[in-house]
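J.: Okay, predicted coordinates and the sequence, questions at the end:
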2 protein chains.
Amino acid sequence: MKLYVWGVAPNPRRVKIYLAEKGLSVPIEDAGIPDQAALKPEFLEGGPHRRVPLLVLDDGTQIGEAMAICRYFETLNPEPSLMGTDALERATIEMWERTADNDGMNAVAEFFRNSRKAFIGRGLSGMPGTVEQIPGLVERGKQRLGWWYEKMDRRLADHEFIAGKKYSVADITALCVFDFAKRVGAEAPAGLANLARWHATVSARPSAKA
Amino acid sequence: MKLYVWGVAPNPRRVKIYLAEKGLSVPIEDAGIPDQAALKPEFLEGGPHRRVPLLVLDDGTQIGEAMAICRYFETLNPEPSLMGTDALERATIEMWERTADNDGMNAVAEFFRNSRKAFIGRGLSGMPGTVEQIPGLVERGKQRLGWWYEKMDRRLADHEFIAGKKYSVADITALCVFDFAKRVGAEAPAGLANLARWHATVSARPSAKA
């Protein structure tokens, strides 16, 4: 089994934090070309997914998408639960995880991919051909991300973690969005006190070092 | 319990097809303003999610995101499984469902939302403020959707259904993308025989009428 990641990319980090929380160890390989903002051609051409994270099982089966990889490990190792146990808990976690993915991760990706010279012609990840950058997405990505920060802050006003009383994969995805956005210049505005409190709490967990 | 939907919108249809496959019946209400391309203000202001589908439980708890709603019903009604039973099956279904969501649903949304006069100022769904349309996303959405059609066609060359031998939520999301794209003028190109075969198979199921 091997997990392919790529430098500081936020999507592989979702799986790395998840594994750290579960106490699981998986061999990891970086699929990037050293000192270049690109994945190795042999990785891209090795399967349909063309993205990290990618889990390759011993028989060669490939599982892409961070949450699909987490679902694989969650089913084999249900405790401690990070995806919920009863119906309402599972649904609430999935709702907020998908919201972080759609409104947070997609927004910071729009901002980042369309604003960097290193990604000219690669405005979207995982595509098999040229995708021109769209300058209008830089500002729109930031605007969209700003609304997600505010939505998170309101949610966290009366919830310790995003999905409720327990830390879950919704917190993991949100943390990866938050930290990557800060790294690339789209950090959360000052003054969102609930969001800041949550960030300090989840960042203090040893898994956040992943 | 009530499920909020909106006309022919593709995301609520994911849940409607799911419920039909499971033989479950849930009261449904359309959240749209009759004869307008907009959701009712009281719906938008009734919770943080601002999108359909939305499931409201009897105690007022709101669950947004199509797959989170399906996860709720799947946990309460595991048979017949549409989200997988063992680790590999669950992960494979989630991988391809998320791919259909990211590469298919998001792509057709970009094409549609940025090309229609009815959505001027609302280039993204669910946002609490003005989002100007970006003309470049019309063509890019179509290009991205085209790559998803091709990826699906390759996958379906040696798999009866998207995740393998069994019909799953991955087929449901993909069907909703396919049919909505056709309705709005971004249909799959002729010549993708595996995709066409799959579409005929899943469309013949009674649930496809949902």
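T.: That came through fine.

J.: most remote residue from chain A's center?
T.: In terms of distance from the mean C-alpha position of chain A, residue A:59 ranks first, at 26.3 Å (Cα atoms, centre = their mean).

J.: what about the residue lying closest to residue A:115 once chain neighbours are set aside, neighbour count?
T.: If the residues on either side of it in the chain are set aside, residue A:115 comes closest to residue A:138, at 4.5 Å by Cβ to Cβ, 6 or more residues apart in numbering or on different chains. To be clear about C-beta, it is placed using only N, CA and C from the backbone, and glycine gets the same treatment. Using other Cβ atoms under 10 Å in any protein chain shown, residue A:138 has 18 other residues around it.

J.: wait, doesn't residue A:138 sit right on residue A:109?
T.: No. Using Cβ atoms under 8 Å, residue A:138 is not in contact with residue A:109; the gap is 11.4 Å.

J.: what's residue A:196 in contact with, if anything?
T.: Residue A:196 is in contact with residue A:188, counting by Cβ atoms under 8 Å, 6 or more residues apart in numbering or on different chains.

J.: three-state assignment of it?
T.: Judged by DSSP: H, G, I helix; E, B strand; the rest coil, the three-state class of residue A:196 is helix.

J.: before we move on, what about residue A:63?
T.: Per three-state DSSP, residue A:63 ends up strand.

J.: Test my guess that it contacts residue B:95.
T.: Yes. Assessed by Cβ under 8 Å, residue A:63 is found in contact with residue B:95 at 5.6 Å.

J.: For those two, indicate the residue with more neighbours.
T.: Set side by side, residue A:63 and residue B:95 show more neighbours around residue B:95, with 27 against 21, by other Cβ under 10 Å.

J.: residue contacts, the more buried one?
T.: Taking Cβ under 8 Å, 6+ apart, we find residue B:95 in contact with A:49, A:63, A:64, A:65, A:68, B:163.

J.: Quickly find the element holding residue A:129.
T.: If you go by DSSP states H and E, residue A:129 is not part of any helix or strand.

J.: give me the number of residues near it?
T.: Neighbour tally, residue A:129, other Cβ under 10 Å: 9.

J.: tell me the contacts of it?
T.: Residues near residue A:129 by Cβ under 8 Å, 6+ apart: B:143, B:147.

J.: Show me where chain A dips below the pLDDT cut-off.
T.: Residue ranges of chain A with pLDDT under 70: none are present.

J.: the helices in it, which residues?
T.: Ranges of helices within chain A are A:10-22, A:41-44, A:66-76, A:87-99, A:106-113, A:136-155, A:169-183, A:193-203, based on DSSP state H.

J.: can you redo those helices as CSV with distance to residue B:42?
T.: As requested, the helices of chain A are exported to CSV (distance: least, Cβ to Cβ, whole Å):
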stretch, distance to residue B:42
helix A:10-22, 36
helix A:41-44, 48
helix A:66-76, 32
helix A:87-99, 21
helix A:106-113, 27
helix A:136-155, 19
helix A:169-183, 27
helix A:193-203, 26
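
J.: Just give the number of residues close to residue A:209.
T.: Count around residue A:209 with other Cβ under 10 Å applied: 9.

J.: Name the nearest residue to it, sequence neighbours excluded.
T.: Per Cβ to Cβ, 6+ apart, closest to residue A:209 is residue A:20, 7.6 Å.

J.: follow-up on the earlier one: for residue A:34, find the nearest of the helices of chain A.
T.: helix A:41-44 (13.2 Å; Cβ to Cβ).

J.: Could you pull out the buried residues of the closest one?
T.: For helix A:41-44, a neighbour-count test (16 or more other Cβ atoms under 10 Å in any protein chain shown) marks residue A:43 as buried.

J.: Mind exporting the C-alpha coordinates of that helix to PDB?
T.: The C-alpha trace of helix A:41-44 is given here as PDB (Å, rounded to 0.1, in the frame of the first residue of the first chain):
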ATOM      1  CA  PRO A  41       4.400  12.500 -15.700                       C
ATOM      2  CA  GLU A  42       4.500   8.800 -14.700                       C
ATOM      3  CA  PHE A  43       2.100   9.600 -11.800                       C
ATOM      4  CA  LEU A  44      -0.300  11.500 -14.000                       C
END
